[in-house]
Structure formats: structure tokens, C-alpha cells
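K.L.:
can't give you the sequence, but here's the structure:
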């Protein structure tokens, strides 16, 4: 789907939800058990899509960058946003609001990763950052919400996987998540042993049957995780349970985006919170500016500027708002406003940065980029590595629906 068509579809979906809620005088949808299950399913689908983009080989090769992306890029940024919100409104819900908008949207990453905008090393950093911030944001939000509820005196929340008031509840929730991940691991090992592994002597029909079975099992894992809110277990499973899905992941993510926007419209009929949303949006942009400094250290000035103004929110922030609305009423009205503020600032900053960008070379890349090298048969030679950090120089951000082999 082209960007303009995608934006029109998202806007139309949100307006449709708003009109349906207004015409039908719908209120209190967030208190319905089916609503929580649907929101949790959307969250699980998005989590699977984001964890599939994580390369374990890349994690091992660039562990320091991964740690920066997780600690500074998500957790520290969420803490900064939450601190601003708490100082401004003195509400423990600031903890979850800060985390809900701490990630950067894949669309922003794809836009910043154009060769005429950023250098290969900056694109590699963005790839690692984008791969980890969505799953980490989801997990941190789920468990920080229990802390916020406890500070509010509101109990343990309505989602089955949220922490309870006792240490034993934490242990039970952790054990349930590990059990889901262990079950997924045993299923995946069994499928590979039966012939799903690349290079297996199994016949084409057997491999096709195993592949479809693996896809069906992945759907079951998603539904179980959504039902019991076992997002940590699903995130772990997503690191290895990877049947071939082709364009299904991308299409599922797009469908989840439209459904989430429709639900967002249904709940916006209850009102928006302009002041809180404006403060949240500005805090998110400012926090991203600060945390980008250590992550972009050593990069050219143009790269640092694009990374500094790269904060943008989309699917994950929407779904987290839907999940949190039941325990923190008004979350949707705040986050929806913040998304508009954040994305507007991102769009304006990108336009201004593009005007400052040096002229592009005849081949379409940035004039400052080194020329690409061609090896035998016209194929590019292996990408060189930077001396400072060893990051691959030609690494592109993979699309959400990247096809991965059955490993």
C-alpha cells in the first residue's frame, strides 16, 4: 500500500469508528471482555511482527548497540517522558503513558533509512534500534502498568498477565510466560526434526504440510498469549518460531493498524485530552532528542540531525493505548492527541532537514556517500565495516513483512 493510500485508509478507519460510536451512542466498550481480548490480540500480532525482524546474528555481533537501543533508546526515554508527565499532572499513570509513546514507528525508520538521507552506518543503527524498541516497549508497558496501578491503589489490573499485589503473582506470571516460550521451543524443534529445516530430505508435500502446520501453531500461540496476556513468552517465542509467512506479516500488521484505528475512533467519542496529549507529545520529542545523543555519537552531523528528529508513533502506541484504556481511563484521548503532535513535528522537521540536505549524486544517493563496489557478475562485494563499531555499512532496514527461512 502506498503511503498516501495508507494514510487515507487509516484516517478513514478512525473516522468510521468515531461515526459508529457517535451514531450508536456507544459508551463503556473498554469494559467489555471481548474488547480486551481484541486489543490483546492486536498487541500480540504487532509483537510477532516486530520480533521477526530481530536478527540473532546481528545481536551477537553488535551487542553494545543493542544494549544502547534497549536501555537508552526505550527505557531511559520512557523514564524521561514519564517524569515530565508526573511533574505536570501528578498522576501515576504517567509511568505507562511515557512508555506507550517511547518507541519509534517503522514508517519513520523506513523514511530516515533512505540512502539519500542517512549514511549506511546510521541506517544500521536505525535497523537495530527499530528491531528492539517495539517488543521492549510492549513488555515494559505491560509490567510498568502494574506499578502504576499499585501507586494508584487500583489493584492488579484486568489483564490476566499483569502483576498482582503479591510476589507470588509475579513468579506465577513469569512462570506462565516461560511455559509458553518452552512449549513453542519444543514445537519448533519437533517441526524442524520432522523435515521443516532447510536442506531436509523430506519431500515437497511433507515440507508444505509442515510449513502450514507451523503457521497454524503460530496463530495458536498468538491467541493463547492474547487470551492470558503472556506477551513476554510470545516475544521470546518470536525470536525462534519463524515459519515462512511471505507477505502475510506485512498484511496482518496493516490490518491490525486499521482495526486499531477503528477502535481508537470508537473510544474517542468519550473525548480527547488536548493539554495532556500536547505535553506528552512534546515530552516524547524532547526525550528522543536527548537519548539520540549517545546513540548517534560519532556519526556525521546530518545523520545526527535525522536521528534526533526521528520520533514518530503509530501502530504500537495505538494498541498500547487501547490495552491500557480499561485500567487507565482517558489513555486513548491522551495518546491519540500525542500521536498527532509527535507525527506533525516529525513531518515538519523532516521537510526542514531535507532542505538542508546536500545535493544527491547522479546515481540517486547522497553526494557524500562512498561509491558502491561491484564484484563478480555485477553483484556487490560484501559490505565493508566501519572502524569505529564494526557495523555493516550497507545494512538496510528490513520491511515488517520480511520473508525469513524456516530455521
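P.N.:
Right, received. Where do you want to start? Just so we're clear, the structure is a prediction, and the values are computed from it rather than from any experiment. Numbering: from 1, shown residues only.

K.L.:
a helix runs through residue 202, doesn't it?
P.N.:
No: the assignment for residue 202 is coil, going by DSSP: H, G, I helix; E, B strand; the rest coil, so no helix is present there.

K.L.:
from residue 50, how far out is residue 328?
P.N.:
Using C-beta to C-beta, to the nearest Å, one gets 23 Å for the distance from residue 328 to residue 50. Where C-beta positions appear, they are placed from N, C-alpha and C, glycine not excepted.

K.L.:
how about the helices in the stretch 1-150 of the chain?
P.N.:
Chain-ordered helices for the stretch 1-150 of the chain, with DSSP state H, counting those that start in this stretch as the definition, fall at 3-24, 33-51, 56-61, 63-70, 77-89, 94-100, 106-112, 120-152.

K.L.:
pick out the shakiest of these, pLDDT-wise.
P.N.:
In terms of average pLDDT, helix 106-112 trails the rest of those, at a mean of 66.

K.L.:
single out the most deeply packed of the helices of the stretch 1-150 of the chain.
P.N.:
Mean neighbour count, computed with mean count of other C-beta atoms under 10 Å, is highest for helix 94-100 among these, reaching a mean of 29.

K.L.:
tell me the centre residue of this protein?
P.N.:
Residue closest to the average C-alpha location in the chain (C-alpha atoms, centre = their mean): residue 134, at 2.7 Å.

K.L.:
now that one, nearest residue through space, not along the chain?
P.N.:
What sits nearest to residue 134 in space, not counting adjacent residues and going by C-beta to C-beta, 6 or more residues apart in numbering, is residue 50, at 3.7 Å.

K.L.:
repeat for residue 177
P.N.:
With C-beta to C-beta, 6+ apart as the measure, residue 233 is the residue that lies nearest to residue 177, at 3.6 Å, once sequence neighbours are left out.

K.L.:
any idea how far the one you found is from residue 218?
P.N.:
Taken as C-beta to C-beta, the spacing of residue 233 relative to residue 218 amounts to 13 Å.

K.L.:
check residue 11 too.
P.N.:
When C-beta to C-beta is applied, the distance between residue 11 and residue 218 equals 31 Å.

K.L.:
again with residue 140
P.N.:
Residue 140 is 24 Å from residue 218, where distance means C-beta to C-beta.

K.L.:
same deal with residue 239?
P.N.:
Counting by C-beta to C-beta, the gap from residue 239 to residue 218 is 13 Å.

K.L.:
more neighbours: which of the two?
P.N.:
Here residue 239 and residue 218 are set side by side on neighbour count (other C-beta atoms under 10 Å), and the busier one is residue 218, at 22 against 17.

K.L.:
gap between the helix or strand containing that one and the chain center?
P.N.:
Taking DSSP states H and E as the definition, one finds residue 218 inside helix 204-228. Between the centre of helix 204-228 and the centre of its host chain there is 22 Å, according to C-alpha atoms, centre = their mean, to the nearest Å.

K.L.:
what's that helix packed up against?
P.N.:
In terms of contacts (3 or more C-beta pairs under 8 Å, 6 or more residues apart in numbering; DSSP states H and E), helix 204-228 is packed against helix 33-51, helix 167-191, helix 231-237.

K.L.:
what does that helix contact?
P.N.:
Residues outside helix 204-228 that contact it (C-beta atoms under 8 Å, 6 or more residues apart in numbering) are 37, 40-41, 43-45, 47-48, 160-161, 176, 180, 184, 187-188, 191, 194-196, 200, 202, 230-231, 233-234, 237, 241, 243-245, 248, 406.

K.L.:
are any of the residues you listed buried, and if so which?
P.N.:
40-41, 43-45, 47-48, 161, 176, 180, 184, 187-188, 191, 195-196, 230-231, 233-234, 237, 241, 243, 245, 406 (16 or more other C-beta atoms under 10 Å).

K.L.:
which stretches of the stretch 101-250 of the chain have low pLDDT?
P.N.:
Along the stretch 101-250 of the chain, segments meeting pLDDT under 70 span 106-113, 154-167, 169, 249-250.

K.L.:
swap in 90 and give it another go.
P.N.:
Flagging of the stretch 101-250 of the chain using pLDDT under 90 yields the residue ranges 102-177, 191-211, 226-233, 235-236, 238-240, 242-250.

K.L.:
of the helices of the stretch 1-150 of the chain, which is nearest residue 270?
P.N.:
When the helices of the stretch 1-150 of the chain are ranked by distance to residue 270, counting by C-beta to C-beta, first place goes to helix 3-24 at 8.3 Å.

K.L.:
now do the closest one: which elements does it pack against?
P.N.:
Counting contacts by 3+ C-beta pairs under 8 Å, 6+ apart, the secondary-structure elements packed against helix 3-24 are helix 248-268.

K.L.:
which residues touch stretch 188-195?
P.N.:
Among residues not part of stretch 188-195, those counted as contacts by C-beta under 8 Å, 6+ apart are 200-202, 206-207, 210, 213-214, 217, 240-241, 406-407.

K.L.:
return the member of the residues you listed nearest to residue 343.
P.N.:
Using C-beta to C-beta, residue 241 comes nearest to residue 343 of the contacts of stretch 188-195, at 32.6 Å.

K.L.:
right, and that closest one touches residue 183 too?
P.N.:
No: look at residue 241 against residue 183 with C-beta atoms under 8 Å: they stay out of range, at 10.1 Å.

K.L.:
now the helix or strand hosting residue 307 against helix 120-152, angle please.
P.N.:
Following DSSP H and E, the helix or strand that holds residue 307 is helix 301-308. When axes from the mean of the first three to the mean of the last three C-alpha atoms, to 10 degrees is applied, the directions of helix 301-308 and helix 120-152 differ by 30 degrees.
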